[in-house]
Structures are given as C-alpha cells and as structure tokens.
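**Q** Pasting a predicted model and its sequence here:
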Amino acid sequence: MNEIDPIMYSIPESFESNRLLIRAPLWNDGEKVNVAVKESMAELRPWMPWATSMPTVEESEMSIRRSRLQFLDRTDLRLLLLLKGTDELVGSSGLHRIDWQSRKFEIGYWVRTSYAKQGYITEAVEAITNFAISELQANRIEIRCDERNTNSARVAERVGYSLEGILRNDKCDIDGLLRNTMVFSKVRGVEF
C-alpha cells in the first residue's frame, strides 16, 4: 500500500475558538511576533530554547517565512493565536514533531505576557486538540514541558491530557543544567 505524501493533505489555514482566530503564519507576520516576543522575553527565556536572545524583526520574519513553508510542506504546523476581530497576537502554538504515518503530533505553545493568565492558551490548546482529532485524524497528541513549568503542565491537565511519565535528565535548561520533561498525552480510544 502506498502512503500519501503529506504535502497532498488539504489542511485548513485557519479555524476559530471562542475568542481566537488560530491560523497558519503568513508573510509579514514577523513584526507582530517580534513585538510579542520582546514583551514576553523574560517569561519565555526559562522554557523556550529559541528565547536565549532577542531576535531582530528581520530574524522574526525569517522564522515566520520558514514556518510558512513548513506548514505548506506539512513538516510542522505552526499556528498564530490572534484575538478575534483584531490583528493582535496573543501567542503562538502549533502541531510539531509530526509523524504522519502514526498520526502523532505534539502541541507546543507560548502566550504573550499581556495576555497571560486569562485562559487564552487553554482555549487555544483545546481548539488545536479538537482540530488535530477532527481534521488530521490524530491518534496521539502530546504536550511536553519542563517539570518546573507548572503553568504549562496545568494547561495540559485542564484540557484533559494524562501525565504519562517524566523523562528524567532529558534536556538541559538555559543554564546547561539537566532538567526533567513531563510528557502528557491524549490517545484515540482512551481520552477521545
């Protein structure tokens, strides 16, 4: 049996939750991402490997353009979270580490500091989970986070993900110290 090349999959460019437009990155989104990252750098730095130094607007635009191409070739599905009816970036998320054969995805996310603790990421993760299940026929969806990142872990728990385990000494943090990674999942036939 021949497997369909993922580039042939028809994947919607956007969908909505109650308060958010969740969409694929587009050319010229780099500036709004850069502004949000600049505002949020102190909160992002401990958890996001890419947040070690502040990117220039051009670097943010290059990242957006690479993400756009990855979305189109289906190797990574970065999604921007915009406040409905505005062009205001609330955060970023997406479906990463994709295995199309087994239909496995990992949801990653970050929130802009001025929108933190207002339920936007929980709302986005729930919508992206439902999107992965209904549109992409996901069999397994994971959320991974540093064991010390309790805010991220609470998002996974609120959306009904199960803690499968903790990978001990799995990665190094920004200071080069070993840290543990919590692995949450939802699995077809168990949680959905």
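**A** The structure has been received and is ready for your questions.
**Q** Buried residues of stretch 39-50, list them for me.
**A** For stretch 39-50, burial by neighbour count (16 or more other CB atoms under 10 Å) applies to 40-41, 43-44, 47-48. Just so you know, the C-beta spots here come from the backbone N, C-alpha and C atoms, and that holds for glycine as well.
**Q** Mind checking which of the residues you listed land in helices?
**A** Among those, the residues falling in helices (DSSP state H) are 40-41, 43-44.
**Q** on that earlier part again, and of the buried residues of stretch 39-50, the nearest to residue 149?
**A** Closest approach between the buried residues of stretch 39-50 and residue 149, by CB to CB: residue 47, at 5.2 Å.
**Q** How about that closest one: what's its closest non-neighbour residue?
**A** residue 149 (5.2 Å; CB to CB, 6 or more residues apart in numbering).
**Q** Likewise for residue 23?
**A** Excluding the flanking residues, the one nearest residue 23 by CB to CB, 6+ apart is residue 14, at 3.6 Å.
**Q** thought that neighbour was touching residue 26?
**A** No. The pair residue 14 and residue 26 fails to qualify as a contact (CB atoms under 8 Å) at a distance of 10.0 Å.
**Q** Neighbour count: those two, which is higher?
**A** Comparing residue 14 with residue 26 by other CB atoms under 10 Å, the one with more neighbours is residue 26, at 15 against 12.
**Q** The more buried one is in contact with residue 67, isn't it?
**A** No. Using CB under 8 Å, residue 26 makes no contact with residue 67, being 9.7 Å away.
**Q** Tell me if residue 31 really is in a helix.
**A** Yes. Counting by DSSP: H, G, I helix; E, B strand; the rest coil, residue 31 is part of a helix.
**Q** follow-up on the earlier one: and which of the buried residues of stretch 39-50 is nearest to residue 144?
**A** Nearest member of these to residue 144, counting by CB to CB, is residue 47, at 10.9 Å.
**Q** Run a quick neighbour tally on residue 98.
**A** Every residue meeting other CB under 10 Å relative to residue 98 is counted, giving 21.
**Q** Which stretches in the chain count as helices?
**A** Using DSSP H, helices in the chain cover 30-44, 57-73, 120-134, 150-158.
**Q** do you know how far residue 11 is from residue 48?
**A** 25 Å (CB to CB, to the nearest Å).
**Q** for residue 181, that is, sorry about that
**A** Taken as CB to CB, the span from residue 181 to residue 48 is 14 Å.
**Q** just residue 94 next, same as before
**A** 13 Å.
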